[in-house]
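**Student:** Return a 3D structure for these sequence lines:
(chains A and B)
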2 protein chains.
Amino acid sequence: MEKTTIKELLGDYKKLIHHDITVFGWVRAFRSNRFIALNDGSTINNLQIVVNFEEFSEDLIKNINTASSLKITGELVESQGAGQSIEILAKKIEILGDNFFEEMQTTILQPKKHSLEKLREQAHLRFRTNLFGAIFRIRHSVSFAIHQYFNQNQFFYLNTPIITGADAEGAGEMFGVSNFDLNNLPKNEEGEVDFEQDFFGRKTNLTVSGQLEGETASMGLGRIYTFGPTFRAENSNTTRHLAEFWMVEPEVAFNDLEDNIDLAEDFLKYVIQYVLDNCKDDLEFLDKRFSEEQKQKPEKDRAKEGLIEKLENVIAKRFKRVSYTEAIEILMNSKENKKGKFQFPVENWGTDLQSEHERFLVEKHFESPVVLFDYPKDIKAFYMRQNDDGKTVAAMDVLFPGIGEIIGGSQREERLNILKAKMKEMHVDEKELWWYLDTRKFGSVPHAGFGLGLERLVLFVTGMTNIRDVIPFPRTPKNAEF
Amino acid sequence: MEKTTIKELLGDYKKLIHHDITVFGWVRAFRSNRFIALNDGSTINNLQIVVNFEEFSEDLIKNINTASSLKITGELVESQGAGQSIEILAKKIEILGDNFFEEMQTTILQPKKHSLEKLREQAHLRFRTNLFGAIFRIRHSVSFAIHQYFNQNQFFYLNTPIITGADAEGAGEMFGVSNFDLNNLPKNEEGEVDFEQDFFGRKTNLTVSGQLEGETASMGLGRIYTFGPTFRAENSNTTRHLAEFWMVEPEVAFNDLEDNIDLAEDFLKYVIQYVLDNCKDDLEFLDKRFSEEQKQKPEKDRAKEGLIEKLENVIAKRFKRVSYTEAIEILMNSKENKKGKFQFPVENWGTDLQSEHERFLVEKHFESPVVLFDYPKDIKAFYMRQNDDGKTVAAMDVLFPGIGEIIGGSQREERLNILKAKMKEMHVDEKELWWYLDTRKFGSVPHAGFGLGLERLVLFVTGMTNIRDVIPFPRTPKNAEF
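**Tutor:** Numbers count the residues shown, from 1 in each chain, chains lettered A, B, ... in the order given. Modelled structure (predicted):
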């Protein structure tokens, strides 16, 4: 990579002072026909270009506008002005491609404040804004930190299938995948669609989780993780749901529930620390934005911490570990519950926790990330390991301030007879999952894992509030543009 | 991560000699009721456990079989025997879970040679074999090296949509995605399926490439790469096709074709070097397997190089860069062509190259990886940049020995008027790609990128020959098991 990015230049310019260099980028602003703020996407910071307009043709100067793409050669000097350390005294300016300035005025590239909604409608252009540049650079760093963490800890990245014949996991409604012409479906003798004639010779769906396949791999490779897209065909038009999102699912042979919680805590802290260390400029921008947003709110709704402060606090504290049973006690005895302040009153052991309860525990009661564990078996999935009390399973959820559940996991049921009984009870088809049961037959071992929704973590780290703003091209009901 | 893996132990045991340690794993072999070869998936190497059977109950010893899962505590000592540096003198042995030894005999876990086909049928168990352990550990390292390379070079990881409303790219037949009950489809007034009532309010498909969306992001972030699943609904039952595979697609603003070729070469060499540096044991195992396979072949069909030797040679040489026009000359004038040895004779400029031609150039003529560039425009996609000769486009393919095309890419057409004309000519719908055209309107810049099929690269690095053996759960016509 021969070209120098603006990030490199701003970071390490000493040896280049008074040298001629060439830079590329887009105009963010052009002040007084003299100062160009140039951005190339490598950083949120712009490079100042000083243009002596008398040295260039009027025609060229006239055509340099917001959003123009430029190649500039000039001398790198320490800046006289405030606000930047260096600038380039332009000697050669080349406009690289078309910019229809008039038409641009109707897009989000026009330099004024646009609503997040409008930015979403032009998702193909929002990469060029400060806000979305920052978000997607951070999303990158979060993703890279995830890979690096697992690689350092001897996990192997596993690509579980996206198209799957199984629909037994029951994590949510699934999208169908087919090669059929829907206007011309083949039927069988009963007059039903004949899936045997479909591409895969059966009905297939988009995966809701790679966990079950991941478990089989962990039974050979020891430690694995998936990191790929997952899907839910749920008609939920909220700020927290996507039809297509990215999930990270580690699975570890020989781990029990406590190991699993240790892993989740260590993992989250590593990733957040990585972002603090590597995304300083973008985080500071978002931190400022976050503070300004808080000021718009009534005082009682404001966040107690700034964005960066929140991230630092999460790392500093040991996550509070609380059993579901203890948590229910706390909730039932809380003033909020007694005074009827919860939308869903907490009345008895066995009830599923709502977002408001999770947030109460995290934000009010413990003022710390919380790990809940040992949930009632009836509200959890068939594959979770039954505890000796006969009532609970070795499940765990990590709850974060402002977000609620950020990780959900469990130790898995490794005992064949108990697993089979559970599947029967919960109407999970044994025949369909023959291969899953196999892993309990040939050297079964205790093992555990969890799932992290990538977008939830990016929401947390960026301080954004709508999940559609932390994935490049969101997929939601009635929306698959781009 | 408190538990010590066998890989860690074998790598750094000095300080642990004569200490008691605990290890976990599966029995690969149990010789003479005395020596257990224990494997935990972290490495291809087994740890030797020495069992003094008099110190354990007969019942326990009887139940230790191939594939049994064990937790063993004992003293770590330097090994007296040949073949391993250390061993553990077992003091405590615990069988961790069920192993139905009789039933296991009918699976691929039975320690004898199984065909690759049989291993594929039990893909959920093949992670526990030496061969597939090695392959999937290497697949991990290839993937990690890809992320690391791009991260180091200031690329941002971008998740482009899997479900897409666009079907304009034309890279291949697409799978449909729908939330409809196919036995009960809503129809519109014309009696056709009413896709407006589907989940996304339109017809949607599984992506064949993230390139077009990736281009829009590169126009803001500068350098991006995708790494995700892509799909082809092609009924190709070959050793080189999958319906679902993983693709890597970098896209770089301000790069031209030559930059793009430089990037591809540097990138491939980095990844291969990383695997050579980090997967020594697994590569040596595969190298040996590869050599043994070659010996089974008639001499004329044998590979000239060993597996590791091949990888080292690819790194050592500068890839040969040859224009399509030169390549056609070479092919037309070759003995092979004149003597009619090609299945598809090369008769004129403009013809598309077949695999046999690519392999001739790489394996016979140049004996080097080859980059072909400047292809006839009529055999390439609409988005490739037109060269000044009016006949060719700035496309490039990287060809590897034994594999053929491993990377395909191009500089993109950044000039709006030429792009529009090309789309018209090739019947690509402008309305559907309004957002793609937008990126040529507002500060358009030269840019370039390429696509790498991950499985092709893993085939190359592992020396395997069937693509179904380098992805955990292959998806092919009539097969979506697991």
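
**Student:** What is the neighbour count of the residue in the stretch 201-350 of chain A that chain B sits nearest to?
**Tutor:** Relative to chain B, the nearest point of the stretch 201-350 of chain A is A:Gly220 (2.7 Å; C-beta to the nearest C-beta). Any C-beta I mention is one placed from the backbone N, CA and C, and that applies to glycine too. Residues lying near A:Gly220 (other C-beta atoms under 10 Å in any protein chain shown) number 25.

**Student:** Now do the same contact list for the closest residue to it other than its chain neighbours.
**Tutor:** Closest residue to A:Gly220 apart from its sequence neighbours, by C-beta to C-beta, 6 or more residues apart in numbering or on different chains: B:Phe127 at 2.7 Å. By C-beta atoms under 8 Å, 6 or more residues apart in numbering or on different chains, the residues touching B:Phe127 are A:Thr216, A:Ala217, A:Met219, A:Gly220, A:Leu221, B:Gly41, B:Gly133, B:Phe136, B:Pro472.

**Student:** Secondary structure and pLDDT added to those residues, as TSV?
**Tutor:** Output for the contacts of B:Phe127, formatted as TSV (DSSP: H, G, I helix; E, B strand; the rest coil; pLDDT from 0 to 100):
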residue	secondary structure	pLDDT
A:Thr216	helix	98
A:Ala217	helix	98
A:Met219	helix	97
A:Gly220	helix	98
A:Leu221	helix	98
B:Gly41	coil	98
B:Gly133	helix	98
B:Phe136	helix	98
B:Pro472	coil	98
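
**Student:** From what I see, A:Phe442 and B:Leu125 are in contact.
**Tutor:** Yes: shown here, A:Phe442 and B:Leu125 form a contact pair, counting by C-beta atoms under 8 Å, at 7.2 Å.

**Student:** Quickly list what's touching both of the two.
**Tutor:** Listed as contacting both A:Phe442 and B:Leu125 by C-beta under 8 Å, 6+ apart are B:Thr107, B:Leu109.

**Student:** Doesn't A:Asn159 belong to a strand?
**Tutor:** No: per DSSP: H, G, I helix; E, B strand; the rest coil, A:Asn159 lies outside any strand segment and is coil.

**Student:** what about it, neighbour count?
**Tutor:** 25.

**Student:** now it: how far from A:Leu9?
**Tutor:** 37 Å (C-beta to C-beta, to the nearest Å).

**Student:** rewinding a little: wait, is the residue nearest to A:Gly220 part of a helix?
**Tutor:** Yes: under three-state DSSP, B:Phe127 falls within a helix.

**Student:** how is chain A carved up into domains?
**Tutor:** With domains defined by the TED database, chain A comprises A:6-106, A:131-172+A:208-469.

**Student:** Would you check that A:Arg137 makes contact with A:Cys279?
**Tutor:** Yes: with contact defined as C-beta under 8 Å, A:Arg137 counts as touching A:Cys279 (6.5 Å).

**Student:** Tell me where the model's unsure across the stretch 301-450 of chain A.
**Tutor:** Within the stretch 301-450 of chain A, no range satisfies pLDDT under 70.

**Student:** Report whether the expected contact of A:Asn237 with A:Asn479 is present.
**Tutor:** No: in this structure A:Asn237 lies outside contact range of A:Asn479 using C-beta under 8 Å: 9.4 Å.

**Student:** May I have the phi/psi pair for the closest residue to A:His447 other than its chain neighbours?
**Tutor:** In space, A:His447 comes closest to A:Ala253 once its chain neighbours are excluded; the distance is 4.8 Å by C-beta to C-beta, 6+ apart. In terms of degrees, to the nearest 10, the main-chain angles of A:Ala253 are phi -70, psi 140.

**Student:** wait, isn't A:Ala253 in contact with A:Ala217?
**Tutor:** No: with contact defined as C-beta under 8 Å, A:Ala253 does not count as touching A:Ala217 (9.5 Å).

**Student:** Regarding chain A, what is its longest strand?
**Tutor:** In chain A, assigned by DSSP state E, the strand with the most residues is strand A:20-31.

**Student:** And the closest residue to A:Asn313 other than its chain neighbours, how close does it get to A:Gln294?
**Tutor:** Leaving aside its chain neighbours, A:Asn313 sits nearest to A:Glu305 (6.3 Å; criterion: C-beta to C-beta, 6+ apart). Remark: distance between A:Glu305 and A:Gln294 (C-beta to C-beta) = 10 Å.

**Student:** what's the pLDDT at A:Ser32?
**Tutor:** Looking at A:Ser32, its pLDDT reads 89.

**Student:** Oops, could you answer that again for A:Ala168 instead?
**Tutor:** Predicted confidence (pLDDT) for A:Ala168: 59.
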